[in-house]
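Colleague: how would this look folded up:
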Amino acid sequence: MQEQGCCTTGKPAVAHRDFGHKYKDKTLVEKIKLLHELKTPHNPPCRLNSDGTLSVYWSFGQEGNYGCVCGFVKKLSQPIKISPTFCGCCGGHARQNLQKSLDVKLRLKEVVSSAASSGGKKSCEFLYEIEEDSAI
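Modeller: Below is the predicted model of the structure:
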């Protein structure tokens, strides 16, 4: 799962890289609070946990359920349940872009839950370990 991730170049990557340069002197906590400034749909909300891990949440609400953000899954006949392992691709996507924004090295520790594997009952949540941190 660590190296998965689609759409990690182009516009999303540029926006995250620009954000990282703009706020390079901020702490990790400050950068997380400023992430809302990114004007791209490739900007999932995240939270720094008390144990030093980073939780990232990424789903769209659809008629009382959570919807998958993955372009590949959206093309399939719905409803469908997908293995959480497949959802590591979105976790890899978020990881690569957030590393640019936050100036940290992240390791995808776990796909905690996903809209695709829960049939829309749970949101997508990815848990990352922070391996290097030059911003704290």
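
Colleague: helix/strand/coil for the residue lying closest to Gly91 once chain neighbours are set aside?
Modeller: Once flanking residues are discounted, Gly91 sits nearest to Phe126: 4.1 Å by CB to CB, 6 or more residues apart in numbering. C-beta coordinates here come from the backbone N, C-alpha and C atoms, glycine included. Taken by DSSP: H, G, I helix; E, B strand; the rest coil, the conformation at Phe126 corresponds to strand.

Colleague: List the residue ranges of this protein that fall below the pLDDT cut-off.
Modeller: Low-confidence segments of the chain (pLDDT under 70): 1-10, 62, 132-136.

Colleague: what are the ranges of the helices in it?
Modeller: 11-22, 28-34, 71-74, 88-102 (DSSP state H).

Colleague: between the ones you listed, which one is nearest to His42?
Modeller: Smallest distance to His42 across the helices of the chain (CB to CB): 3.7 Å, for helix 11-22.

Colleague: Can I get the helices of the chain in TSV including mean neighbour count and distance to Glu110?
Modeller: As requested, the helices of the chain are exported to TSV (neighbours: other CB atoms under 10 Å; distance: least, CB to CB, whole Å):
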stretch	mean neighbour count	distance to Glu110
helix 11-22	16	22
helix 28-34	16	19
helix 71-74	14	19
helix 88-102	23	9
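
Colleague: Format those helices as CSV; extra columns: distance to Ile80.
Modeller: Below are these laid out as CSV (distance: least, CB to CB, whole Å):
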stretch, distance to Ile80
helix 11-22, 25
helix 28-34, 32
helix 71-74, 7
helix 88-102, 15
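
Colleague: what's the closest of those helices to Thr40?
Modeller: The closest of these to Thr40 is helix 11-22. By CB to CB, the value is 4.5 Å.

Colleague: what packs against that closest one?
Modeller: In terms of contacts (3 or more CB pairs under 8 Å, 6 or more residues apart in numbering; DSSP states H and E), helix 11-22 is packed against helix 88-102.

Colleague: One more pass at 10 Å, please.
Modeller: helix 28-34, helix 88-102 (3 or more CB pairs under 10 Å, 6 or more residues apart in numbering; DSSP states H and E).

Colleague: picking that back up, could you double-check that the residue nearest to Gly91 lies in contact with Arg107?
Modeller: No: Phe126 is beyond contact range of Arg107, at 11.0 Å (criterion: CB atoms under 10 Å).
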